[in-house]
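Chemist: Build me a model:
(chains A and B)
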Amino acid sequence: MTELPAWSLPADAVGRIALATDWPAEVTREWAWGDSTGKGVRVCIIDSGVDGSHRLVGGIESAVAVSKDEDGAAFVAEDLDGDVCGHGTACAGIVRSLAPEAEIHSVRVLGPGFTGGGNILLFGLRYAIEQGFDVVNLSLSTTKKDYASVLHELADSAYFQRTVLVASAHNMPVESYPWRFSSVISVGSHEEDDPIALYYNPNPPVEAVAKGVDVEVAWLGGETLSASGNSFATPHVTGICALIRSKHPELTPFQLKSVLHLTSSNVGGTR
Amino acid sequence: MSEINAAVAAAALGSEERFRELLRSVVEVARSIFAAKASSILLLDEEANELVFEAVVGEGEEGLLGQRFPAGTGGAGWVLATRTPLVIEDVARDPRFAKDVAEGTGYVPQGLMAVPLLHDERALGVLEVLDRQSHFTLQEMELLGLFASQAAIALDLLQRARDAEAALAGDGRFGAVARLTVAFSKLDEEAQPEAERLLEALATVLKS
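Modeler: Coordinates of the predicted model:
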């Protein structure tokens, strides 16, 4: 018989869950991420690939691509094609602009010609969680209800192992996943110019609102262009999460969400 | 060709035209609302994995209608694959986009707003609005989403009309029904009551 772990807490075991963080009387941005560069934090971009040579990306640590073999089984291999669209490079550039010393890892879930689909997103996300990345940027979602329960389980496993998933809300009134799950940080857009203006939305499923209009982003061929949409708001939150995790690596995703809330522009945390 | 076959064919062709008009009207209104230079609806041809211009108004209108390009390229391809809208300014700076344009009509837009046309869980195509006069706002994104819902319904109807046509040509999903219709219409009068009873019985079985 398998022995279940003890999920209760006997009186003499309280010391086992002692918390490392010395919380200040007031959680400010200065406390949360002041002087942080994202150093030591491993950020994963699950997207169309990342062009690490782009000046706004400034190098990436690793790049893999999820593909399907002849039998339709998904597998991960080193990415030899780079970014097939520009979108992943755009996201990576935004993360880099906020967290200059964070490690960036790319997991490409779209093939050249945007083939793949199916369960490739699921496979890529599972891979990223297995790698134990600190923050995962998902400027993507799926509308397939069949994948919702598996995605939900994956999002919860990430949450429990301290991998923070930051996911774009859909820009249209469409039911899609995984951003709707409470174990991820879901992101929508505001129209302000400030890249660290961050709002907490008390009416979920969208929890965080960040800069998503007229964002100057890195694109293919070393170019930059101006792009809008929740896809580009999401990496702003990813970047801020990287800064916080770098300075406070002991925080759980629950605590990190609390810090985001307390440091949001509409909660008085702009100090 | 039998009378029934001809009648059904006429009905199907008629509806395709009506749905095309509806698509065109959606892009006309979209272009007008956003004060844009052009607007178009692209339909995904799943078998060929290509996007086809089904409705175009404004710049490039003459040359683009019916043109195809691989569904896995450019902004429209991204929108289709990820089922997510994409709003890009300075789109001509995208080297792949610029190349596609050079091989296409020669009209080089600066701004692109593209939104997927979703029906249930399927992505049927993409609605594009090119070179808006206005500065992009989140309110525009909402408006575009509303147009997308309308365009998706029109595209779905257009596809159904084409399915009906394909059925009459003997292939496609309703091929068997079409063949049955043709066979029935060719029966002599004496045999028709028997055949009718048989079809009624079949209808009862299918309903149960």
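Chemist: which regions of the chain sit below the pLDDT cut-off?
Modeler: You didn't pick a chain, so chain A it is. A:1-6, A:113-118, A:269-271 (pLDDT under 70).
Chemist: that's the wrong chain, I meant chain B
Modeler: Applying pLDDT under 70 to chain B flags residues B:1-15, B:98-106, B:167-175, B:178, B:182.
Chemist: for chain A, what are the nearby residues on it?
Modeler: B:49, B:70-73, B:77-78, B:80-91, B:93-96, B:115-116, B:118, B:121, B:136-138, B:141, B:145, B:148 (Cβ under 8 Å from any Cβ of the partner chain). Every C-beta, even on glycine, is put in place using the N, C-alpha and C of the backbone.
Chemist: hmm, try it at 7 Å
Modeler: The interface of chain B toward chain A, taken as Cβ under 7 Å from any Cβ of the partner chain, is made up of B:70, B:72, B:77-78, B:81-91, B:93-96, B:115, B:118, B:121, B:136-138, B:141, B:145, B:148.
Chemist: And for whatever residue of chain B ends up closest to chain A, the neighbour number?
Modeler: Residue nearest to chain A within chain B: residue B:72 (3.1 Å; Cβ to the nearest Cβ). Residue B:72: 21 surrounding residues under other Cβ atoms under 10 Å in any protein chain shown.
Chemist: ok, it to residue A:110 distance?
Modeler: Going from residue B:72 to residue A:110 by Cβ to Cβ, to the nearest Å gives 9 Å.
Chemist: now do residue B:136
Modeler: From residue B:136 to residue A:110 the distance is 25 Å (Cβ to Cβ).
Chemist: try residue B:194
Modeler: Residue B:194 is 57 Å from residue A:110, where distance means Cβ to Cβ.
Chemist: what's the residue lying closest to residue A:54 once chain neighbours are set aside in contact with, if anything?
Modeler: Once flanking residues are discounted, residue A:54 sits nearest to residue A:218: 4.5 Å by Cβ to Cβ, 6 or more residues apart in numbering or on different chains. Contact analysis of residue A:218 by Cβ atoms under 7 Å, 6 or more residues apart in numbering or on different chains lists A:54, A:56-57, A:89-90, A:93, A:224.
Chemist: okay if I get the residues you listed as CSV plus secondary structure?
Modeler: Shown next, in CSV, are the contacts of residue A:218 (DSSP: H, G, I helix; E, B strand; the rest coil):
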residue, secondary structure
A:54, coil
A:56, coil
A:57, coil
A:89, helix
A:90, helix
A:93, helix
A:224, strand
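Chemist: Among those, list the two that are farthest apart in space.
Modeler: Spanning the widest gap among those are A:57 and A:224, at 11.1 Å by Cβ to Cβ.
Chemist: more crowded one of these two?
Modeler: Taking other Cβ under 10 Å, residue A:57 and residue A:224 do not tie; residue A:57 has more neighbours (25 against 17).
Chemist: measure the residue nearest to residue A:27 when sequence neighbours are not counted to chain B for me?
Modeler: Computed as Cβ to Cβ, 6+ apart, the closest residue to residue A:27 that is not its neighbour in sequence is residue A:262, at 4.1 Å. According to Cβ to the nearest Cβ, to the nearest Å, residue A:262 and chain B sit 26 Å apart.
Chemist: and if you look at residue A:241?
Modeler: 21 Å.
Chemist: on that earlier part again, shared neighbours of residue B:72 and residue A:110, anything?
Modeler: Taking Cβ under 7 Å, 6+ apart as the contact rule, residue B:72 and residue A:110 have no neighbour in common.
Chemist: That concludes my questions; thank you for your assistance.
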